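# dropping a prediction and its sequence here:
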Amino acid sequence: MLILLPVATGVHAWLFCSDNLPALTQEALARLTAAGVRDPVVDVRFFDIAVSGEAPNPPARLQALVAIRRLVPLRLKPGAEKIHVRASLSAKLDQKTLRLSGWFPVGDETGNVRRLLADLRPDLVINTDELHSSPEVRWPEGLNPPFTASSPLLKPIIDTLRVPAELHIRAKGDAIVLSGLLPDAGLKEELVAALAEVAGARVVDPTALQASPHVQPAAFAKPQRLTAFVNSFFTLPPPRTFDIQSDGIPHLTGMATRQLESVWLALLRPVTGAAKVDAQFTLMPSQYHFPGYQIQSKLPPDTLDSLREILRDCVIMFDPGSAQIPPQEQLKLSTLASTLLAAGPRLGLVIGAHPDPAGPEKAEKNISKARADAVLSFLVEQGAPTTDIHAVVFDPVPAGSPAAPASPRCVELLIK
């Protein structure tokens, strides 16, 4: 019996190793796979078992180890549990909130990721409530914090968050408000500075205009050229708007003259190239006709108000095809001359003739200039002050437009 006992023990061990260990190994692999462990490896040596692999997260790792410890008669020694968790990061955009989830090693990289994304997309709220850290988590091979925009874990998220550039500027009342997204912070500062030059008493509010290197490049985002247009366009009184997005088509609204419209289109050409401009302008004969035009005359306010009322009713009419002042209109001007003389040289006056928009452009311009010159000469002959008084031709305005004159054959007098 003493001789047979070692033999029986050896046979039993051999049978266990040949029959039971393969089955236990397969069961251990099945339990690891069921817990979500990727690339599981099981090493069974008699009653001792060692496991390795990669779990998707710390809870899955714990579940896998518990399942292995319950696999009798095997025992899992300390140090033989080499199941790791690789760091992971995913994101979900919910309107203006970016929700981050995943697992990081213990450290401050969560705060770094939050700061990096906030710098790239300042228009988003970064939520990291579901981004956890654990000592069981390790960084993938070759990935060393701190993160940058090109880090393998972060780059796919950044690529999906790229947004097209857009710019909106609205002048209304006593404020000029900017909004949108620009790819260059320097361009934002340049636009704000350009608007501050022409804002006068108006407030320039750039709060809703964000600039980030994460915004897609835009053909319209050209420093100096874009600001040259903005500076010119918003010099004029409100209301007026400028909108442009990644398609490069500018949308303009506000009051304009034909001459100013041409100037603005020329300034926009280097910005937008061949893109067609969507201009919804209310055409005016001149800048002096804009409701928000600020009179430059140095006369006292009371004098100005009474003089404006007199001039508003003093429209000089001409016969078709003629630049001769009719007798009844000469009477109007004779009466007006004494009033202008009393106002003195500080008045500043524009004598403007309205051309017929339906007539030949060159001919209408010539006869309109002759009519304005005739009125100017008559007033000077009557003793009106000659300092800062000019005869001009207003831009033609289509009949039926809100600012169209009562008759295209008239001359109007306006204070500068």
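Yes, it's here. In this text the structure is predicted, and so the values were computed from the model without any measurement. Numbers count the residues shown, from 1 in each chain.
# any low-confidence regions in this structure?
Across the chain, the ranges flagged by pLDDT under 70 are 1-20.
# can I get the CA coordinates of the longest helix along it in PDB?
Determined from DSSP state H, the single longest helix within the chain is helix 361-381. Listed next in PDB are the C-alpha coordinates belonging to helix 361-381 (Å, rounded to 0.1, in the frame of the first residue of the first chain):
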ATOM      1  CA  GLU A 361     -28.600 108.300 -67.000                       C
ATOM      2  CA  LYS A 362     -26.100 110.700 -68.600                       C
ATOM      3  CA  ALA A 363     -28.700 113.200 -69.800                       C
ATOM      4  CA  GLU A 364     -30.500 113.200 -66.500                       C
ATOM      5  CA  LYS A 365     -27.300 113.800 -64.600                       C
ATOM      6  CA  ASN A 366     -26.400 116.700 -66.800                       C
ATOM      7  CA  ILE A 367     -29.700 118.500 -66.600                       C
ATOM      8  CA  SER A 368     -30.000 117.800 -62.900                       C
ATOM      9  CA  LYS A 369     -26.600 119.400 -62.300                       C
ATOM     10  CA  ALA A 370     -27.700 122.400 -64.400                       C
ATOM     11  CA  ARG A 371     -30.800 122.800 -62.200                       C
ATOM     12  CA  ALA A 372     -28.800 122.600 -59.000                       C
ATOM     13  CA  ASP A 373     -26.300 125.100 -60.300                       C
ATOM     14  CA  ALA A 374     -29.100 127.400 -61.300                       C
ATOM     15  CA  VAL A 375     -30.600 127.400 -57.800                       C
ATOM     16  CA  LEU A 376     -27.200 128.000 -56.300                       C
ATOM     17  CA  SER A 377     -26.500 131.000 -58.600                       C
ATOM     18  CA  PHE A 378     -29.800 132.500 -57.900                       C
ATOM     19  CA  LEU A 379     -29.400 132.300 -54.100                       C
ATOM     20  CA  VAL A 380     -25.900 133.800 -54.300                       C
ATOM     21  CA  GLU A 381     -27.300 136.600 -56.400                       C
END
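# next one: it to chain centre, how far?
Once both centres are worked out by C-alpha atoms, centre = their mean, to the nearest Å, helix 361-381 turns out to sit 48 Å from its chain's centre.
# also stretch 249-261?
Mean C-alpha position of stretch 249-261 versus that of the full chain (C-alpha atoms, centre = their mean) differs by 21 Å.
# swap in stretch 101-119?
Its chain's average C-alpha position is 27 Å from that of stretch 101-119, according to C-alpha atoms, centre = their mean.
# start the count at 55 instead of 1 going forward.
With the count now opening at 55, the last piece we talked about shows up as stretch 155-173.
# which other residues reach it?
Stretch 155-173 is touched from outside by 111-112, 139, 141-146, 152, 154, 178, 180, 182, 184-189, 191-193, 199-203, 208, 211-212, 215, 266, with contacts defined as C-beta atoms under 8 Å, 6 or more residues apart in numbering. (C-beta placed from N, C-alpha, C; glycine too.)
# among the residues you listed, name the ones in strands.
Residues of these located in strands (DSSP state E): 139, 142-146, 152, 154, 180, 182, 184-187, 191-192.
# give me the ChimeraX select line for the residues you listed, limited to the buried ones.
The following ChimeraX line selects those of these that are buried, judged by 16 or more other C-beta atoms under 10 Å:
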select :139,143,145,152,154,180,182,185,187,191,192
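# tell me where the stretch 55-204 of the chain has helices.
58-69, 75-88, 112-123, 163-174 (DSSP state H, counting those that start in this stretch).
# could you dump the ones you listed into a markdown table and include mean neighbour count and distance to residue 309?
Listed next are the helices of the stretch 55-204 of the chain as a markdown table, based on neighbours: other C-beta atoms under 10 Å; distance: least, C-beta to C-beta, whole Å:
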| stretch | mean neighbour count | distance to residue 309 |
| --- | --- | --- |
| helix 58-69 | 10 | 100 |
| helix 75-88 | 16 | 73 |
| helix 112-123 | 18 | 65 |
| helix 163-174 | 17 | 39 |
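# residue 220: which of the ones you listed is closest?
With C-beta to C-beta, the closest approach to residue 220 among the helices of the stretch 55-204 of the chain belongs to helix 163-174: 16.6 Å.
# now that closest one and strand 179-187, what's the angle there?
160 degrees (axes from the mean of the first three to the mean of the last three C-alpha atoms, to 10 degrees).
# hang on, the earlier thing: quick check, nearest of the ones in strands among the contacts of stretch 155-173 to residue 327?
Using C-beta to C-beta, those come closest to residue 327 at residue 152, 33.9 Å.
# bridged to the closest one, which residues?
Note on residue 152: beta-bridge partners by DSSP bridges are residue 147, residue 180.
# over to residue 96?
For residue 96, the beta-bridge partners are residue 105 (DSSP bridges).
# residues touching it, list them.
Contacts of residue 96 were listed using C-beta under 8 Å, 6+ apart, and they are 79, 82, 83, 86, 103, 104, 105.
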